[in-house]
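S.K.: structure for the following, please:
(3 chains)
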Amino acid sequence: MKRILAVDDSASMRQMVGFTLKKAGFDVTEAKDGSEALNIAKQQSFDAVISDVNMPVMDGITLIRELRSLPNYKFTPLLMLTTESGLDKKSEGKAAGATGWIVKPFNPEQLLAVLKKVIR
Amino acid sequence: MIAQHDDLHHKLNLEQDQDVKQFLTFFMAEEEYGVDILTVQEIRSWEEITVIPNSPDFVKGVINLRGTIVPIIDLRLRFGISAIEYGPLTVVIVLKVKLENACKIMGIAVDAVSDVYSIAEHEAKAVPHLSDSDNAQFVAGLVNVGEKMVALLDLQKTMDI
Amino acid sequence: MSIDLSQFFEVFFEESFEGLDAMEAELLNLVPGEEDLETINTIFRAAHSIKGGSGTFGFSSVADFTHVLETLLDQIREGSRDLTAEHVNLLLKSVDCLRALLRALQAEQQPDLTEADELRVKFEEILGMRAASKAPEQAPETVRESSFNTYQIDFKPHHHLFKTGNEPLYMISELAELGELETQAFQDDVPDITNLAPEDCFLSWRFFLTTDKEQSCIEEIFEWVEDDADITITLCGGLFGDEEDVAVETVAEEAAPAQEAEPAVVKAAIDPKKPAPVKAATANAESTSIRVGIDKVDSLINMVGELVITQAMLSQLGEQEITEATIASLQEGLAQLAHNTRDLQENVMRIRMLPISFVFSRFPRLVRDISQKLDKQVELKLLGEQTELDKTVMEKLSDPMVHLVRNSLDHGLETVDKRVAAGKNPVGTVTLNSFHQGGNIVIEIMDDGQGLNTTKIREKAIKNGLISETDDLSDNEINELIFLPGFSTADQVSDLSGRGVGMDVVRRNIEALSGSVEVASAPGVGSTFTIRLPLTLAILDGQLVRIAEHTYIIPLISIIESLQIDISKVSRVGKDLDVLRLRDEYIPILRLYNIFNHKGAIETLDKTLLVVVESDNQKVGLLVDDLLSQQQVVIKSLEANYQKVDGVSGATILGDGRVSLIVDISGLIKLSGLRKPGSQELIIESKANLEAS
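M.R.: Numbering: from 1, shown residues only, chains lettered A, B, ... in the order given. Predicted coordinates:
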C-alpha cells in the first residue's frame, strides 16, 4: 500500500484529505504543520507528500525545500495545496522542488485525479 | 353463541378498519376508562412514593423509575372522587404523554387494569353536556365495547397539571 | 466514488470559530505602524484557512467574502500596503460578520448576506477592485462539435526531470486516456553505460494522439513540467504526417480577464431564496462537543484500571466461603471500591471543567467597542483566567457577566472629564477576577468608577413602591434593591443597559445555576459585583434530615452548624417568627414542616434540631426532627417530568431506591416570607429591641 503524508493546519482539511485518500486505498499519515511533517518524514518513508502552503511554525514551501534535500525524498512527488491567488507561490514552490500543485478549493474527486499524475 | 359471534365479527371488522386503535382499559371507582396503548410505557404495582410539598392533592408524589423521577397522579382525586387508601393492590400505569412541546413520563394510580381492546375512534361519542362538567374535560369520548361503556381519557388534559 | 463531505462540517465550523477568535484577539493587539509580522501572519492564516475550508465544503458565500479579507491581509503582510486603523476596524467587523454567517450555516439556515456584502464593497474600494475578481477562470472553452484531431506532441524532458518527482510514465498513461496514442521513444541521448547518470532523464518522445478532446487537456497533463521539459504540440491535419505549423503556446495561458459583470455581489441580490432572518434564539449555539486534554483522559484510564482491579478482587472474594476473614477482606475491598468510585467520579467531573478564560476572552473586544461608543477610556484587567468551572455553567454565565460589565462601563465608570475632575486616573479600570472558594467558584467584576448612588436608588425604590419612606435600611441593603424587578436609575434609559430589565434577570439567571450575586460599593471609589456558583451542577454532598416521615437533603456546603435549641435563647419577633440568639447573631428559625405543610412533625422547639445554613450571605435555621446520614447524591431533575417546586432545588435517589428531595435554601427563605425588605427591617428592629432589653 502506498503511503502518503498529508500536511495542513486545518483539521477539517486533514480529515477530508485523509478520508479521501484512505478510501482510495492509500495509507495516510497526517501532520499539522511543516515542522511536524518534516520530523515524521525523517523517521518514516512516504511515497508522496501533500502539503498546504500557509501553516504556522514551518510553511509548506520550506517543508518541500527541506524534504528535497533528504536523500530519501529526491524523487518523491511533493504536492502543494494552493489557492488561486497564489500564482506566484507556484513558481516559488517549483523552485523549492515541488512536483506540482492542487488548487483550493477542491473536492475529493479532483484530489484523486491530480494525485494520479504522480502516484498510482 | 350468536352474541359471541357478533362480538367477534365486530372485533374482526374493527381490526381491519383504518382508524382503529388499541386501548388499555382500567377500572377506577367502578367505571372503566381507556388510554391509547401506544402511550403506555409500563404497569407497576404500588410502591413507596415521595411526597412533593405544597402540591395539588391529586399529585400523590414522585417515584424512582429506573433513575428517572416520575410523578404519580391520583386519578380519583383528579376527577374529584373521594380518595381511597392505596396499597399493594393498587396499580400504577406509567404513561408517556406529549404535553406542550415536551414528552413527559407520568404515572396514574388506578384500581385495577382491565383489558386491551381495539376501538375505532370514530365510534366514540362525545360526552353529553349534562354530565359532570368538570370531569368531562378529561374524557375524549365514550365508546361501547360489547355491553359496557368505556370512557377514553384525553391524556393531554388529564395529565396537564 | 463520491464522498459525503458533510461529515467534516462540524470540525470545520469549530476550527473556524476558533480561528475567528484568534483573529479577533490578534486584531485587538494590533497597533497600526507597530505591527509585527508574526501577528499579521497569524491573522492571515486564520482567514486563509476559513476561505480554503469554506470553499472546499461548499460554503461559497463565506469563501467569497473571506477572499477579500485574505487579499487585503496578503498585501499587508507582503508589505505592499500599510495597515491602518480603518483596516483593523473593518477586519473586526468582518470577524463578527463571519461568525454570524458560520453560525447560520451551522444551524443549516440561510445566512443573511447583507452585512457581508456591505463590508465587501468597502474592502473592494480599499483594494481598488471594481468587481470581486475571482480566480482567473479557465479560458472559456469555445464549444466545438466534437471532432477528432490528431496532435503531434514532442516531449523532451530536461535531464533533471525525475528530481521534480514527476513520472513520465504516468503522464504518458494519462495521455493514452485521452484517445488513441502512438508513441515513439528516442534513446539518442542516452549515454553509454559508463557515463550513465542513473538519476537523470535522457529519454524523449514523440506522440501522435488522435482525440476529440481539447488541446488544453493535453497541455494540462504537462502543466507541471512546462519549465522542466521542451514540449511542443502541433495540430496535424486529420492523420499524422501533415504538420500545420500552428506552434501553439504550450504554457497555460493567462485566463481571460474575469468577467466585469459583478459576480457574487449581484448573485446575492438576485438570489431568489430570501435569506431568512437568523432568529435571535440561534445566537446562543451551545456547542455539543468538548475538548479534553490528553492528561485528563490518561488519568481516567488509570482510574478505570484501578477500578477493574478492585472489581476482580471483590469478585474473587465473593466466590470464597464466607468466613470472618473473608468478611473483613470484603469490607476492605468495598472501602477500596468506594475510593476508586470517588476518584473516577471526580476525574470525570473534571472533564467538563474548562478554564474561565473561555468566557473572559470575549471581554477585551466588548470593552473596546463599548468604551469607544461611550467615549470613555477603559483598561480591562483579567485575573484568575485559569480557574476552572463546568462547561454548562460557563455557557450560562456569559450573558449575566456581559450585562454586569456593560453596566460597569455605562453607569459605573465616569467620563474622562469627570474622572480628572475627581483626581482619578483618566483611564478607568474594570477587573474580572475568578477563584475557587469552598465548593464554589467566585467571579468578581470590579470597577473603579463612581460607585452606586445609594440616595438615588433609595428614591427610586420608594417611587416604585418597593420600600417605604420610613424603612430604615443599611446602605448595603439599599444597594441590593437594584436586583429587584422593574428597577432602573439611569437618567435616560441607555440602550446598553438600564432598561430596568437587567439586574433582576441577572440575579435570576445566576440563581437558576444555583448561584448567587451581590454587590458592594463605595461612592466615588467603585463597585464590585460578586457571583458565586457551585462548582458542579450534578453531584452534591448532602445531609439527610427527617421531617415527620419525610426525608429531605440539605446541601452540606450550606450548613454552618447543627444544634439543639436552647429555648432560653429563642425570642418571638413580629407575629410568628422565632429567632435564636446564637453567639452574637440572631438566626431566624424556619419551621420546615410549616413551609412544606407536613403533618406529624415535632413542633416543640426544644425537642427538634436546628440546622443553621447560609445562602446569599443570609443565615437562617432549618427546623428538623432528626439528622440522618451524610452522603453524596446525584441531582435528578424534577422539571423533566413534573415541574419546578418552590423550596426544592431537585431530587435524588437514595441508596434504597427511594426518591428524596433536596431543599433550596434560597427558595425556602422566600417561601417563609423572610426575604421581603419589610421583614428584614422587622428583624433589625427586634434586634435593637432585644439588645435594649
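S.K.: report pLDDT for B:Q16.
M.R.: At B:Q16, the pLDDT value in this model is 55.
S.K.: over to the one 3 residues further on?
M.R.: As predicted, B:D19 sits at a pLDDT of 74.
S.K.: lowest average confidence, helix or strand, in chain B?
M.R.: Least confident element among the helices and strands of chain B, by mean pLDDT, DSSP states H and E: helix B:2-16 (a mean of 52).
S.K.: quick check: next helix or strand after that helix?
M.R.: Once the chain leaves helix B:2-16, the next helix or strand it forms, by DSSP states H and E, is strand B:20-28.
S.K.: quick check, distance from that next one to the centre of its chain.
M.R.: 7 Å (C-alpha atoms, centre = their mean, to the nearest Å).
S.K.: ok, now stretch B:56-75?
M.R.: Worked out by C-alpha atoms, centre = their mean, stretch B:56-75 lies 15 Å from the chain centre.
S.K.: average pLDDT for it?
M.R.: 91.
S.K.: now look at that stretch and say if it contacts chain C.
M.R.: Yes - Stretch B:56-75 reaches chain C (C-beta under 8 Å from any C-beta of the partner chain) through B:V59, B:G61, B:V62, B:I63, B:N64, B:G67, B:T68, B:I69, B:V70, B:P71. From N, CA and C alone the C-beta is placed, and that goes for glycine too.
S.K.: in strands, which of those fall?
M.R.: Among these, the members falling in strands (DSSP state E) are B:V59, B:G61, B:V62, B:I63, B:N64, B:T68, B:I69, B:V70, B:P71.
S.K.: isn't the first one right up against B:I161?
M.R.: Read it as B:V59. Yes - the pair B:V59 and B:I161 qualifies as a contact (C-beta atoms under 8 Å) at a distance of 6.3 Å.
S.K.: okay, the two: which has more neighbours?
M.R.: Using other C-beta atoms under 10 Å in any protein chain shown, the more surrounded residue of B:V59 and B:I161 is B:V59, with 20 against 15.
S.K.: which residues touch the more buried one?
M.R.: Residues near B:V59 by C-beta atoms under 8 Å, 6 or more residues apart in numbering or on different chains: B:I52, B:P71, B:I72, B:I73, B:D74, B:I161, C:Y642.
S.K.: which among those gets closest to C:F8?
M.R.: C:Y642 (41.6 Å; C-beta to C-beta).
S.K.: so chain C: which segments form each domain?
M.R.: Domain assignment for chain C by automatic domain parsing gives C:5-128, C:135-270, C:294-351, C:355-534, C:539-692.
S.K.: lowest average confidence across those, which one?
M.R.: Among those, domain C:135-270 carries the lowest mean pLDDT, at a mean of 71.
S.K.: show me what C:Y552 is bridged to.
M.R.: Judged by DSSP bridges, the bridge partners of C:Y552 are C:V545, C:L661.
S.K.: any figure for the gap between it and C:L610?
M.R.: 14 Å (C-beta to C-beta, to the nearest Å).
S.K.: residue contacts, whichever residue of the stretch 551-693 of chain C sits closest to chain B?
M.R.: As assessed by C-beta to the nearest C-beta, chain B sits closest to C:F596 within the stretch 551-693 of chain C, at 3.5 Å. C:F596 is in contact with B:P53, B:N54, C:I547, C:H550, C:G647, counting by C-beta under 8 Å, 6+ apart.
S.K.: one more: C:K569?
M.R.: Here C:K569 is in contact with C:L580, C:R581, C:L582 (C-beta under 8 Å, 6+ apart).
S.K.: any idea which of these has the most stuff around it?
M.R.: Of those, C:L580 is surrounded by the most neighbours, 20 neighbours in total, counting by other C-beta under 10 Å.
S.K.: listing partners with orientation, what would you give for the strand or helix carrying that residue?
M.R.: For C:L580, the enclosing helix or strand under DSSP H and E is strand C:577-582. Applying DSSP bridges, strand C:577-582 is found paired with strand C:570-573 (antiparallel), strand C:585-591 (antiparallel).
S.K.: give the intersection of the neighbour lists for B:V59 and B:I161.
M.R.: Common contact partners of B:V59 and B:I161 (C-beta under 8 Å, 6+ apart): B:P71, B:I73.
S.K.: next up, the contacts around residue 92.
M.R.: Looking at chain A here, since you left the chain open. A:I61.
S.K.: oops, chain B please
M.R.: B:V92 makes contacts with B:I43, B:R44, B:S45, B:W46, B:E47, B:I63, B:I72, B:G107, B:I108, B:A109, B:V110, as judged by C-beta under 8 Å, 6+ apart.
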